[in-house]
Each structure stands twice: as structure tokens, then as C-alpha cells.
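Enquirer: would you be able to build a 3D model of this:
(chains A and B)
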Amino acid sequence: MKRLLKGGRVVDPANGRDGVFDVLIDGDRIVRVGRDLPVEADVMVVEVPSGLVVCPGLIDMHVHLREPGQEHKETIATGTAAAVAGGFTAVACMPNTHPVNDNAGVTEYILKKAAEANLARVYPIGAVSRGQDGEQLADIAELRQAGCVALSDDGRPVATALLMRRALEYAGMFKMPVIEHCEDPSLKAGGVAHEGYHASTLGLHGIPGEAESIMALRDISLAELTGGCVHVAHMSARQTLDAVRYGKTRGVRVTCEVTPHHVVLTDEMLVLPIPYDTNVKMNPPLRASEDRDAMLAGLADGSVDVIATDHAPHHYDEKHVEFDRAPFGITGLETAVSLCLDRLVHAGVISLARLIELLSVNPAKILGVAGGSLAAGAPADVTILAPDLAVTVSVARMRSKAKNTPFDGWQLRGGVAATIVGGRVVYEGVGSLLQFLPPAL
Amino acid sequence: MKKDLLGIAELSSEEIYLILDTAEAMREIGQRPIKKVPTLRGKTVVNLFFEPSTRTRTSFEIAEKRLSADTLSIAVAASSVLKGETLVDTAMNIEAMSPDMIVVRHAASGACHLLSRICRSRIINAGDGMHEHPTQALLDAFTIREHKKRIDGLKVAIVGDLLHSRVLRSNVLLLTKLGAEVWVSGPRTLVPAGMERFGVRVSTSVEEAVADADVIMMLRIQQERMQGAFIPSLREYFTVFGMTAERVARAKPDAIIMHPGPMNRGVEIASEVADGPYSVILEQVANGVAVRMAVLYLLAGGPEGE
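Expert: From the prediction side, this is the model:
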């Protein structure tokens, strides 16, 4: 049976659309997008309330689902439930699980769990090095065959320049980007926060922005040498953005992502409102306002390619300790859309179309996966946004197993009305804006 | 006074003066033949030390006993942390026995803030990581005021490992709050990021920092700083930053020399300076008891708490 999403504002930058269009879905595919499509006999019509936005399904290319091995933090089922509640129809999950996703067995396990959960699509990211220990390459062809779409040693950088060179050369054969956690470990030393005034007042060891940019420059140079694709993960420092711009002007195949928290928060959060709040401890750390402003400029001028959450769930017990001892990371899947709509779109930093590019079009392109487009024949992965919905962030209502976010209680403008994966409504938003959407859609 | 003493950052200059004035009265108790008053009788104070300490712990214990508090000291060895009990659980177990105050020393910055959020007992910070050591700064201020009759307008030079020092942070906060002109000096590798924003003058020339100073305050250099490549050697450190009689001569003729201890003779300070006539290092130790008595007394409620 066919279904027609009628009368919504469609924002589909991949096809140059931003206006009122109808979207015709047949089973799990998009059949046609156009103005005032005819309603044939076998079509069920779903009127989209005015004010809502129909866009290609959002893709979070940087999440930690923690399964296998750390199911006390998150599982693939709870992580994908959080994803669809946050408007994401697909996520790419990092390989730093236990065991590490460095072989087909782990990849297949992840995909099996994702199929059982049957919510968001899950694209596994394989390890660059066996065990992520920076010595030997993982079996990359085998990982590709099993379903991995990219490679990363995330949580740490690819250990040596030589290994990175080989990884870029080898992964290039399989059209896989290498996603790099840019960090010079010696400069990071024992750092737990951005090196600056606020960390100094609290007596916390600092990590300078250069720990990130130095590694980014290494990797951009190696991408130029090899012709490989490098994607800079969770960029935080203004020097790193300059490095990426430098690479792009030279024609290097380099892309980059920022997280919502790095464009919304600064290292002042270490002190206020709660001093030493472990929910503002992440790696890379929240940076200075100059860095945050640089990231905003990069989003606006096109230098930044992707917004990804680096969703990093941790158990309450692990975060309820001294700042130095707490693990790095915060959750992000269920707050990203509201933060981006409120702080980027409504604040006038970027347009809604640009946001969709950052959250859907570009991640699909970089990972080489379906999605990012509402073209005829594309999978019916659709996110319906409610840009003016008043949202109060509440950890109590979150689907994620973990509650480690600094945004609890924040009041934001903009949320998710519905998430549709392969033609199935997998999430309907608070307040049931689309209560008349048949669940069978 | 607030519930806890977490740092100088949370104190107003009025509160600092109240503590210093109260300490004057407390010192008199220590000069009596019977050095004990019943002020904190029936109150329980736990000294919870996660880091080894001789001077600070002894000082707190004596202060507590002089005020007649029931007091006990727990040295939590690193091994019990390795056994898996968290700081929060250790504190909650002590809290369950209803102490009135917990004096905490811990290697992690912010440990006292964490306990402050979960404990009903009053928390006194006896040094947390590289963050603050408020009672040290208070006893330093007490000692300075005793010699100089004021703090406002004095030039104070603080020399040494600025980066890792909680004594530095507390002293900078306190002295700038009370109007002193603070200079800090140390190797560029041991200056915290954003130090200028603390409202101090930063110089890598110890000669410039101590010139015409009223007070010279030394900070300890730890042996292991060579491993982090912060300094080439202790010998070279002494050559460039060590407090010698020659350098002291650049300060005001009546300048005083301070050190929070424990001292490394021949590393940050020459013995002739440490033991010289301008050294007030042992007075600092003596004053520590009076200042800690004042803090304990005021946190217990001051005159109303009796």
C-alpha cells in the first residue's frame, strides 16, 4: 500500500528542494516527490500539519553503542531507541567495544543485534588496527565484506604516522574513509579539560587545542600523500579547523565533524553552574569561546561537513566520582536536534537546509551509504521535525540507558515529530503531533 | 559562613578577616598552661586523609583537641581505593556515623566539592589536588598580617612550581582579594595557562619578582618534575630560581620569607635563607593551629554554636 505525506515543508537539499511538497512512499521506498501529487485509489493520505518539516532521515556518523561488552552503559537496542527518539534514522557505531570490532564476527554480531532491535539502521565502523592497539592493520577487507562502512581507532588516534599511511592506502582500495580521533597523546598527557584559565582555577590538568590540530595536520598530510580519505572526528579546536581548511584548499580528501556540545558549550561549564560536573568531561574537552565561535563560523561558511553527536553513554556509578577519575564523554542522540534547531537555526547561524546537509546529506556521502536524499527510489528514511516545538530536556524520559548529559532541564525550541525508517514509523514525538499517522506507515 | 570551607574562592574578604581576627583569640588559648577550651565539646570531627600528610593533619588534630572536639584521623591508604570502594562510598560510610565535620585531604582536584554535594556534615578542605588549600593561605595571611600589620598594598612574590601548587591558587585568591600586589615566578613550563587572568604579575625572572617585595613565598619543587620534562635538573633549578641570600637582598630590607613545607633545602631554598633571621617558616606552622581552630569554631556556628 502506498502512503502520501501531504502538505509538509520538504527540506531536501540533495535535490534542491525547500518548499511545500508531497512525498509518496510505497513500502520501504520513496516513489515520488512533487507538488500536489494526485491521490490515487490505493493511496492513504497523511496530512502533515503546517509548521512541520519533512526531511531525509538524519544520520549520526559517530556514536558509541557499547555492545558487545559494556551493556551496562548502553545496548544496541537502547542506543537505537535513543537514536530514533532523537530523529536519527541511522547511526554509525565506533569499534571500541569489548571485544573490539576488528573482525567479521563482531561486525556480524552488531548487525544481528541491530536487526533484532529493528529501529535505526546501524552502520558498524571497523577498527583500523587489530585490537585498536596501533600495531597491525585489522582485516579490513573482511570488515568491509561483513558490513563495516568506515574505519577508526576512535578513543585514541591511529598510533603512528606509518600505520596511518598504510591504513589510508589500504582502506582506499575498499572506498572506506578513515575516521580519526585527532590527539597527540604526549601533549594530552594526563589532561582532563581544556588548557586555559578555567581549568587552571580548578587545578585540572589541561589539554591544549594543539594536541588535536597537530594530529589533524599529520593526517591531512598523509591523506595528501596517499590520496586516501580522512575524516576528522569531533573537531573542537580552532587550529584544527584551520588545518582542515588548509587541506581542502589543497584538494586533499579531508572532511570533518563537530558535536552539538562543542558548538553550544565552552570550558566555562567546568566552573558553572556546577563546579567539577563530570557531565562536562569529554574528550576532546569543551574549549574556549574563541574555539566555539570558530566552529560556528565553520558551520556557517561550509568548512564543517558534518554534525555528529559522539554519543558516549556511561553508567551513573562511573560518572559519580572525582573529576579526574570519571570517564570522558556525554550522551548526545536525544538532545542533538533540539540543540541544533535552537542554537544554530533559530539563532540565525545556519539555515534549516544547511542543518539537513550537516545531519543527513553529508554523513551519507562520506560513509557511502544510502540516505541523505528524498529522491525517487531512495529508502523511505524520513525525519519529520517540529522546529517550533517547546522542548524541556529530561533525562528521566530518555530512551538511552545512560543519563550523562549536561543538558538536563534545558528549555529549547525545536524537536522531533516523527522518525520513519524504511517506511515504518519507529518514533512519534512528544505531544503526538502526528497522532493520525497510522503506525503501519 | 557557608556550610563548608571548600576554598578561598568561596570566601568574601569580610569572612577572611573574621577568620583572621578569630585566630588571634585562638592563639591565646595555645599560650595558656592548660591549652584547652570546651567550645566544641560533644562535636565529632573526622580527619579523612587520602594523601599522606604530617604537618596539616597534626595541625588540624591539635586544633580540634584544643577545642575539645571528639576527633579521629583516618589515613585512607591507596590500597583501599584499589579494593574498589569509591570516594563517595567511603564518605557516606563515615557520614552514617554522624560526624559534625569532615576534614578532607585528597589527590583529586574537586574531591571536596563532590563530598560537599552529598554530605550533611561540614566539609573542610585540607588540600585537594592542584586546586586549593584554603587553611594554608589563611595561616599565611595571618602570619603576614602579624609582621606587616596589613595585607593591602604589600608586594608578595610567590616563587616555584606554580602549575601543580594548590597553595599557590589559594594564596593568589586570598592575597588579591585583600589588595596585595602579587607577583608569581617560576619556569615557563610550570606556569598554569591563563595565569595573568588571576590578577597577578607573571615573570620568569625571579630577580624581577622579588625586587622590593615585602613577602617572599616559596613553593616546593617535587623530585619527579624532571620526568615530565618540566625542568632539566634540581641543580639547574636552584641556579635559576633557588632563593639565595643574594636574591633575598633585592627585596625590602624587612622582607619575610615563607614556605608551606615540606622544604627541599638546596633546591628551592638555600639553608641560609630558610634558617635566616627573615624566615617565618616555623611561625607559619605555629599559626596554623590557631587559624584552624578559628575555622573549626566559626564553621561550628561561632558564638551561636556554643
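Enquirer: the helices in the stretch 1-150 of chain A, which residues?
Expert: Listed in chain order, the helices of the stretch 1-150 of chain A (DSSP state H, counting those that start in this stretch) span A:76-85, A:104-117, A:140-146.
Enquirer: could you do the stretch 301-441 of chain A as well?
Expert: Using DSSP H, counting those that start in this stretch, helices in the stretch 301-441 of chain A cover A:316-319, A:336-340, A:352-356, A:362-367.
Enquirer: for these, which one sits closest to chain B?
Expert: Nearest to chain B among those is helix A:316-319; the distance by C-beta to the nearest C-beta comes to 7.7 Å. Just so you know, the C-beta spots here come from the backbone N, C-alpha and C atoms, and that holds for glycine as well.
Enquirer: what mean pLDDT would you report for the closest one?
Expert: Helix A:316-319 carries an average pLDDT of 96.
Enquirer: pull out the buried positions in it.
Expert: For helix A:316-319, a neighbour-count test (16 or more other C-beta atoms under 10 Å in any protein chain shown) marks A:318-319 as buried.
Enquirer: now do it: distance to the chain's middle.
Expert: 23 Å (C-alpha atoms, centre = their mean, to the nearest Å).
Enquirer: ok so, going back, out of the helices of the stretch 1-150 of chain A, nearest to chain B?
Expert: helix A:76-85 (24.6 Å).
Enquirer: and the contacts of the closest one?
Expert: Here helix A:76-85 makes contact (C-beta atoms under 8 Å, 6 or more residues apart in numbering or on different chains) with A:60, A:63, A:65-67, A:74, A:89-91, A:93, A:110, A:113-114, A:116-117, A:119-120, A:122, A:311, A:313, A:331, A:333-334, A:398-401, A:416, A:419, A:421, A:426-427.
Enquirer: give the ChimeraX command for selecting the buried subset of the residues you listed.
Expert: Buried residues among the contacts of helix A:76-85 (16+ other C-beta under 10 Å), as a ChimeraX selection:
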select /A:60,63,65,66,67,74,89,90,91,93,110,113,114,117,119,120,122,311,313,331,333,334,398,399,400,401,416,419,421,426,427
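Enquirer: return the distance of the residue nearest in space to the middle of chain B relative to chain A.
Expert: By C-alpha atoms, centre = their mean, chain B has its centre lying nearest to residue B:136, at 1.9 Å. Going from residue B:136 to chain A by C-beta to the nearest C-beta, to the nearest Å gives 14 Å.
Enquirer: likewise residue B:257?
Expert: 25 Å.
Enquirer: what parts of the stretch 101-250 of chain B come near chain A?
Expert: Applying C-beta under 8 Å from any C-beta of the partner chain, one finds that the stretch 101-250 of chain B approaches chain A through B:106, B:108-111, B:113-114, B:128-132, B:166, B:169, B:192-195, B:197-198, B:228.
Enquirer: just the helices from chain B, written as ranges.
Expert: B:13-30, B:55-66, B:78-82, B:87-95, B:111-118, B:134-148, B:166-177, B:206-210, B:234-241, B:245-248, B:271-274, B:281-299 (DSSP state H).
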